[in-house]
Every structure is written in C-alpha cells, then in structure tokens.
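Peer 1: no sequence on hand, only this structure:
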C-alpha cells in the first residue's frame with residue numbers, strides 16, 4: 001500500500017469516525033431544535049452556498065493567484081459541509097450537535113450544488129475548463145461516509161444510550177488521531193508542490209479565506225455566541241471530498257492542482273484551529289451560557 005492509498009484509507013476512517021462520534025453525542029430533540037430554527041437554516045445555507053464561494057473567488061482574484069491555486073481555492077470554496085466542522089465545534093467548546101447537524105445537511109446539499117457552483121465560478125473567473133462531476137457518485141459518497149455513520153451513532157444514542165456514552169470517548173480519540181494523520185499525509189504526499197508555493201500568496205489567501213469565512217459564518221447565524229461561533233467554524237471548514245473528485249475527474253489529478261489544494265486546506269486549517277482554541281480558552285476562563 002503506497003502513501004496515496006494509505007491516506008485515502010485514513011481519510012475514510014476520519015470522516016466516518018468523526019460523524020459516527022457526532023451521532024453518538026447527539027440527541028433527536030437537540031437535532032429537531034436545530035432544524036426547526038428556520039432563520040438559522042436559511043442563514044447557514046446563504047453563508048455556505050453563496051457567500052463563502054463568492055469570497056473564495058474574491059480572494060483568488062484579490063491575490064492574483066496563478067491558475068492552479070486559483071482553481072484549488074475555487075473548488076475549496078464551492079464545497080460546503082466539511083466533516084471537520086464537528087471537530088472544530090468540539091475544540092472550541094461550541095454547539096457540537098448543531099455543528100454535526102448542519103455539516104450533514106450542507107454535505108448532502110453540497111453534493112448536488114458543488115458541480116454547478118464550481119463550474120460557474122471557474123467559467124466566470126476564466127480559469128480551468130469547467131468541472132464535469134459525477135453528481136450521483138458524490139451523493140453516494142456522502143451517504144456512505146457521512147450520513148450513514150451519523151445515523152448509526154444517533155440510533156445507538158437513542159436506543160442503546162449506555163453503549164453510546166461508553167463508545168463516544170473512544171471515537172473522539174480515533175477522530176483526533178486520524179485527523180492528524182490526514183494532515184500529515186497531505187503534507188508529505190504533496191510537499192514539493194506545497195514548498196513551491198511558499199514564495200507565493202497562495203498560503204496567505206487560504207489562511208485569510210478561512211479566517212474571513214469563520215467571521216462571516218458567525219455573523220450570518222442566530223442564537224447565543226456559542227452557537228454563532230460554531231456556525232462560523234462550519235463555514236470555515238470545507239469538504240475535501242468533492243474537491244478531490246473534481247481534481248481527479250476534470251483536471252486529471254494534476255500535481256500542481258493537488259499541491260495547491262493541499263496548501264489551501266492546510267493554511268485554512270492553520271487559521272481555523274487557533275480561532276477555535278482561543279474561543280475554548282475564553283469559555284474555560286469565563287464559563288457562561290452567554291459565551
């Protein structure tokens with residue numbers, strides 16, 4: 001098994017494990033409360049399906065990125081519902097149930113909208129040749145890797161609560177370890193292309209894209225600060241699966257695009273994690289329902 005195959009396997013474990021753990025930690029009443037908040041739903045969809053993709057286009061144009069990083073940033077921005085959203089919610093001490101619920105919703109909706117959004121942005125920006133994506137394959141991937149594990153965990157929490165509570169800490173640890181492995185694998189597998197981008201503005205564009213997305217997601221939300229910043233994390237974290245599929249199907253796994261995608265995702269994570277850690281320290285120092 002080469003590094004690429006190992007990374008794919010670990011990525012699958014990370015995505016499925018994270019969503020299984022989110023299901024174990026969720027309850028049906030809490031999910032119902034999240035989805036019944038119509039203003040929150042509309043604002044989250046607006047932020048993730050329209051505002052953040054346009055932000056990605058604006059950032060790429062602002063920094064005059066070369067073709068490969070430009071494509072990578074547009075693909076990233078067009079792909080909502082990253083599974084790390086639930087993890088980011090945990091790190092910041094936010095509303096993990098809401099994060100998991102919105103992530104699953106955005107991943108499902110995004111599996112349909114991604115191809116259309118990415119194609120439109122690539123065409124209007126004048127880069128790439130349009131991403132011809134297999135929408136059916138993307139939907140099946142979301143169902144298998146995200147929806148199914150989440151629903152299994154949720155059912156266990158509802159009908160076998162002691163088992164769910166006992167398994168939850170283990171799944172959290174597995175999710176933490178595999179996330180670090182995915183980051184390391186992406187860096188090692190594309191390190192030459194990432195290094196080649198160090199002298200460019202790609203890393204800065206990816207960093208600022210994630211930070212501004214976090215802020216916009218927080219603003220375009222409702223409720224207490226804990227929930228609002230959780231929605232900020234949801235907006236900042238994008239779904240790597242459709243983006244990788246687009247690189248494979250439309251760009252023939254071009255190393256320059258893959259390297260740029262790794263750089264954008266890693267720099268984005270470097271922005272989102274400190275924000276979440278800062279929020280967690282703030283909430284630990286001043287525990288309150290208003291934080």
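Peer 2: The structure has been received and is ready for your questions. Note that the structure is a prediction, hence the values are computed from the model and not measured.
Peer 1: remind me what the host helix or strand of residue 265 packs against, helices and strands.
Peer 2: Here residue 265 sits within helix 255-285, counting by DSSP states H and E. Contact analysis of helix 255-285 by 3 or more C-beta pairs under 8 Å, 6 or more residues apart in numbering; DSSP states H and E lists helix 67-77, helix 84-91, helix 161-189, helix 191-196, helix 202-219, helix 225-236, helix 240-251 as its packing neighbours. To be clear about C-beta, it is placed using only N, CA and C from the backbone, and glycine gets the same treatment.
Peer 1: low-confidence ranges in the stretch 51-200 of the chain?
Peer 2: 128-135, 138-139, 142, 190 (pLDDT under 70).
Peer 1: any idea how far the nearest residue to residue 221 once chain neighbours are set aside is from residue 92?
Peer 2: Once flanking residues are discounted, residue 221 sits nearest to residue 231: 3.9 Å by C-beta to C-beta, 6 or more residues apart in numbering. Distance of residue 231 to residue 92, given as C-beta to C-beta, to the nearest Å: 11 Å.
Peer 1: more neighbours, the two?
Peer 2: residue 231 (30 against 26; other C-beta atoms under 10 Å).
Peer 1: got a list of what the more buried one touches?
Peer 2: Residues near residue 231 by C-beta atoms under 8 Å, 6 or more residues apart in numbering: 40, 43, 44, 47, 98, 99, 102, 217, 218, 220, 221.
Peer 1: in terms of helices and strands, where is residue 40?
Peer 2: helix 38-46.
Peer 1: tell me which residues of that helix come out buried.
Peer 2: Residues of helix 38-46 classed as buried by neighbour count (16 or more other C-beta atoms under 10 Å): 40, 41, 43, 44, 45.
Peer 1: then stretch 242-260?
Peer 2: For stretch 242-260, a neighbour-count test (16+ other C-beta under 10 Å) marks 242-247, 250-251, 254, 256-260 as buried.
Peer 1: then stretch 25-35?
Peer 2: So stretch 25-35, judged by 16+ other C-beta under 10 Å, has buried residues 25, 26, 31, 34.
Peer 1: got the confidence number for the last one?
Peer 2: In the predicted model, residue 34 carries a pLDDT score of 78.
Peer 1: which other helices and strands does the helix or strand containing it contact?
Peer 2: Using DSSP H and E, the element containing residue 34 is helix 28-35. With contacts taken as 3+ C-beta pairs under 8 Å, 6+ apart, helix 28-35 sits against helix 96-125, helix 148-159.
Peer 1: what helices or strands is the shortest one leaning on?
Peer 2: Of the remaining helices and strands, those touching helix 148-159 by 3+ C-beta pairs under 8 Å, 6+ apart are helix 3-24, helix 28-35, helix 161-189.
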